[in-house]
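Colleague: Give me coordinates for this.
(one chain, ligands or ions: 1)
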Amino acid sequence: LKHVDILGVPFVHTTRSQFVEQLENHINAEKKAFVVTANPEIVIKANEEPEYMELVKKADYVTADGIGIVKAAQLLNTPLPERVAGYDTMRDLLQLANNNKFRIYLLGAQQETLDKAITEIKREYPSTDIVGSHNGFFDWSNNEIQKEIKNAQPDLIFVALGVPRQEKWISQNLDYFDKGVFMGVGGSFDVIAG
Ligand code: UDP
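Modeller: Numbers count the residues shown, from 1 in each chain. Model prediction:
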C-alpha cells in the first residue's frame, strides 16, 4: 500500500474495506501487524513528542482516523481515499472474525467495561472466538499477560489502553509474539460496552 505523509506521519493510502482485506491477508499468512489508527491529536502529539513519533513509525500501518486527516491530506494535494477510523475498523474486524472464526484477544479498559464489551461482542458476533482478555490495569514489568496472549494464539489483539500507552505496549511486546494483528483501539471497549 502507498503512503501519504502528513506532518511526518506516514498514512496508508487505502479504503477501509481494502485495509480490512489487507489485515485478513496478514491473519491468513500468520504474519504479524501493528496498526495505529491516528487522529489529528495523535499527529500533533507525534510532532510534539519525538519518542511518540518513533512508536507511531514502528507501526506497519497508520490509518486516517477521522475526517480531519482526510481534509489535511486533501489540502496538501496528496489525497487519501477515505477515513479508516479505529472504531469502525474494529467493528469490521469483529465481523471478519465472526465470518472466519478468527481468534480474538481483548486487552484493556476497566474490568467491568471489558466484561460488558465481551458480552456485547458475543451477542453481536456469536461465531467470534474470544480466546482471552485482560483489563488494562496491570503491572507492565510482569510478563504473565504476554505469556497468556502468546499461549492463546490470537489472530487479532485489540489493545484499549489509551494513547500513548497502547502504542507503547504493542511496540515493546511485538517481538515476543509469533503472529497476530495488534491494533490500538483507545476507548472502543467503552463504546461497545455502552
Ligand atoms: N485504560 C487502560 N489502562 C490504563 C489507562 C486507561 O486500560 O492504564 C483504558 C481506559 O479504561 C479506557 C481506554 O483505556 O477504556 C481509553 O482511555 P482514555 O479515554 O484515557 O484514552 P484515549 O481515549 O485518550 O485514547
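Colleague: what mean pLDDT does stretch 58-78 have?
Modeller: For stretch 58-78, mean pLDDT is 97.
Colleague: Please spell out which residues along stretch 122-129 are buried.
Modeller: Buried residues in stretch 122-129, defined by neighbour count with 16 or more other CB atoms under 10 Å: Y125, T128. All C-beta spots, glycine's among them, are computed from the backbone N, C-alpha and C.
Colleague: er, stretch 58-75 I mean
Modeller: A59, D60, Y61, V62, T63, A64, D65, G66, I69, V70, A72, A73.
Colleague: what separates the first one from the ligand, distance-wise?
Modeller: When CB to the nearest ligand atom, to the nearest Å is applied, the distance between A59 and the ligand equals 15 Å.
Colleague: same check, this time on H3
Modeller: On the measure of CB to the nearest ligand atom, H3 and the ligand end up 24 Å apart.
Colleague: ok, now which ones touch the nearest residue to that residue once chain neighbours are set aside?
Modeller: For H3, ignoring the flanking residues on the chain, the nearest one in space by CB to CB, 6 or more residues apart in numbering is P10 at 4.4 Å. Contacts for P10 (CB atoms under 8 Å, 6 or more residues apart in numbering) come out as H3, V4, K57, V62.
Colleague: Weed out the non-buried ones from those residues.
Modeller: Buried, going by 16+ other CB under 10 Å: V4, V62, out of those.
Colleague: Filter the contacts of P10 down to the ones in strands?
Modeller: In this view, the contacts of P10 that belong to strands under DSSP state E are H3, V4, V62.
Colleague: Within range of the ligand, give me the residues from this protein.
Modeller: Proximity of the chain to the ligand (CB under 6 Å from any ligand atom) is limited to residues 108-110, 113, 136-137, 160-163, 165, 186-187, 189-190.
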